[in-house]
Structure formats: structure tokens, C-alpha cells
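>>> have a look at this prediction, sequence included:
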Amino acid sequence: MSLAYANPSDCRGESRSSRASKRITITIPYSTFRDLESRSLEEGRSLSNLAACLLERALTT
């Protein structure tokens, strides 16, 4: 699986709206989890932060 990685500085709250963040739960394939976990370690950010960033970018592009 090949992922297009976002710039780590792109999703650190600069573009968030004034509404409070919300928490969700999703189920993903194990291979996707491994890819996210590996990338989060490479970028030095939490898996949750990376997933939120990728979702936000996907919805705004």
C-alpha cells in the first residue's frame, strides 16, 4: 500500500475552526493501522494526531 504523506506541519491546528474538537471511533484494516503507526513514529506525532490530520486534509482537498 502506498500512501501520499502530508507535510507534518500542515495539520497542527492552524486551520481548525473555532468549534471544539470531537472524538470518533473507527475500524480500519490491520495493514492500514500498521502504516499509520509506522508513519506516526517517523513523524514523531501520535497516531491519533496523524489520523486526524489525514482526514482533515482529505476532506479539504
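Yep, that arrived. The structure displayed is predicted, hence computed values, not measured ones.
>>> quick one: Leu36 from Tyr30, how far?
11 Å (Cβ to Cβ, to the nearest Å). Heads up, the C-betas are built off the backbone N, CA and C, glycines and all.
>>> more crowded one of the two?
Leu36 (17 against 7; other Cβ atoms under 10 Å).
>>> state the pLDDT value of that one.
For Leu36, the pLDDT comes out at 98.
>>> what's the answer for the one 5 residues further on, then?
On pLDDT, Leu41 comes in at 98.
>>> could you report the neighbour count for it?
11.
>>> Leu50 too?
21.
>>> pretty sure it sits against Ser38.
No: the pair Leu50 / Ser38 is not scored as a contact, 10.3 Å apart, by Cβ atoms under 8 Å.
>>> hey, where'd the helices end up in this protein?
30-43, 47-60 (DSSP state H).
>>> quick one, which of these is nearest to Lys22?
helix 47-60 (10.1 Å; Cβ to Cβ).
>>> can I get that closest one as CSV, trimmed to CA atoms?
Coordinates of each C-alpha in helix 47-60 appear next as CSV, following Å, rounded to 0.1, in the frame of the first residue of the first chain:
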residue,chain,number,x,y,z
LEU,A,47,-1.3,8.1,15.7
SER,A,48,-4.5,9.9,16.7
ASN,A,49,-3.0,13.3,15.6
LEU,A,50,-1.8,11.8,12.3
ALA,A,51,-5.2,10.2,11.5
ALA,A,52,-7.0,13.5,12.3
CYS,A,53,-4.6,15.4,10.1
LEU,A,54,-5.0,13.0,7.2
LEU,A,55,-8.8,13.0,7.5
GLU,A,56,-8.9,16.8,7.7
ARG,A,57,-6.7,17.1,4.6
ALA,A,58,-8.7,14.6,2.6
LEU,A,59,-11.9,16.5,3.3
THR,A,60,-10.5,19.9,2.4
